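Here is the input, now give the coordinates:
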Amino acid sequence: MKLSFIIPVFNEEESIDKLYLEIIENIKGYKYEIIFINDGSTDSSYEIMKQMAAKDRNVKLLNFRKNFGKSAGLQAGFDVADGDILFTMDADLQDDPKEIPNFLKKIEEGYDLVTGWKKKRKDPISKTFPSKLFNSITSSFFKMKLHDYNCGFKAYRKEVIKELDIYGEMHRYIPALASSKGFRIAEIPVKHHKRKFGKTKYGSERYLRGFLDLLTVKLVTGYIHSPLYLFGRIGAIFGFIGFFIGLYLTIMKLGFGQPLYNRPLLYLATLLIMIGLQFFSIGLLGELIVNQNRNMNRKKNISISEKINFN
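Below you'll find the predicted structure:
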């Protein structure tokens with residue numbers, strides 16, 4: 001069995017060496033590759049990783065021309081990894097490589113994706129409280145109870161990553177994406193360390209991006225093959241409300257002789273029916289687009305300037 005480790009790196013010069021050594025210490029007896037993705041680092045991270053790759057042929061390096069984000073880094077790693085089991089980890093040493101055997105044990109039980117749960121998270125409340133709220137909303141959205149959707153420490157069978165296509169902030173929803181395709185998901189508690197080096201790379205803007213991607217993933221997992229089911233339902237709601245308002249006005253006109261030209265409800269009914277028809281039209285156009293592009297691959301939006309140790 002070969003293990004692949006996919007580790008996006010953005011300005012983590014102080015922790016990379018230590019992370020590499022700890023991974024090696026905990027995977028003795030396995031074939032391995034460690035794929036570092038330099039996501040536009042401006043410190044000495046790239047030079048350190050390049051030196052590692054020169055010493056160890058199992059260390060591979062992808063160098064992005066600029067910072068494209070964690071999802072792009074993970075997807076680039078997925079595209080080139082050739083291990084039987086793939087791990088994703090953060091480069092800041094908050095994930096503990098000693099947990100690797102526990103992930104492998106869970107995979108051996110028959111699960112396709114095992115995600116970590118930072119049960120005792122060593123982060124300030126400014127990160128832990130929004131995370132709890134995010135996990136609660138996400139679990140409700142996707143009807144899949146997980147304590148920690150956003151834990152970067154995960155293990156995958158290679159079959160899973162072949163089905164994933166992530167971008168934006170969608171790395172947060174990988175378990176939901178995998179579950180929607182029928183893969184078995186498990187969650188295990190993992191030890192979480194306080195950040196010793198560097199600083200967090202995520203600002204408050206990630207909450208808005210995360211929410212928008214939540215809607216995207218819900219659309220992708222629930223309605224990608226039949227967008228008319230979503231837009232048709234919305235159109236039906238608006239259309240029926242407009243229809244019943246119109247019916248009420250018709251009764252008032254025919255039954256009681258009340259004039260309609262001065263009734264704002266008439267304009268509201270017309271507006272609602274038009275909105276309903278527009279949503280139906282969007283759904284139909286979505287169906288045409290889905291069918292035309294079903295077998296087309298999404299164009300990647302990243303640029304890699306260098307690949308090291310890839311044959």
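
those strands in the protein, which residues are they?
With strands called from DSSP state E, the chain shows them at 2-9, 31-38, 59-64, 85-88, 113-117, 154-157, 185-189, 304-308.

pLDDT weak spots in the protein?
125-126, 168-169, 197-216, 218, 220-226, 228, 287-288, 290-303, 311 (pLDDT under 70).

Domain boundaries for it, per the record?
Per the record's domain assignment (automatic domain parsing), the chain is made up of the domains 2-224, 227-292.

To residue 310, which of these lies closest?
domain 2-224 (5.9 Å; Cβ to Cβ). (Each C-beta comes from the backbone N, C-alpha and C, glycine too.)

all helices for the stretch 101-250 of the chain, in order.
Assignment of helices within the stretch 101-250 of the chain using DSSP state H, counting those that start in this stretch yields the ranges 125-142, 158-161, 174-180, 205-223, 227-256.

winner for burial among these?
By mean neighbour count, with neighbours taken as mean count of other Cβ atoms under 10 Å, helix 174-180 ranks first of those at a mean of 22.

so how far is it off the chain centroid?
Here helix 174-180 is found 9 Å from its chain centre; the criterion is Cα atoms, centre = their mean, to the nearest Å.

nearest to residue 80, of the helices of the stretch 101-250 of the chain?
Nearest to residue 80, of all the helices of the stretch 101-250 of the chain, is helix 158-161, at 10.7 Å by Cβ to Cβ.

what packs against the closest one?
Of the remaining helices and strands, those touching helix 158-161 by 3 or more Cβ pairs under 8 Å, 6 or more residues apart in numbering; DSSP states H and E are strand 85-88.

picking up where we left off before, is it possible to export the domains of the chain to a markdown table including distance to residue 310?
Written out in a markdown table, the entries for the domains of the chain read as follows (distance: least, Cβ to Cβ, whole Å):
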| stretch | distance to residue 310 |
| --- | --- |
| domain 2-224 | 6 |
| domain 227-292 | 34 |
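
Please identify the deepest-packed of the ones you listed.
Neighbour counts averaged per stretch over those are highest for domain 2-224, at a mean of 18; criterion: mean count of other Cβ under 10 Å.

What separation do you get for residue 67 and residue 48?
For residue 67, the distance to residue 48 under the criterion Cβ to Cβ, to the nearest Å works out to 17 Å.

Need the contact partners of stretch 154-164.
By Cβ atoms under 8 Å, 6 or more residues apart in numbering, the list of residues contacting stretch 154-164 from outside reads 75, 78, 81, 83-88, 103-104, 106-107, 112-116, 174, 177-178, 181, 183.
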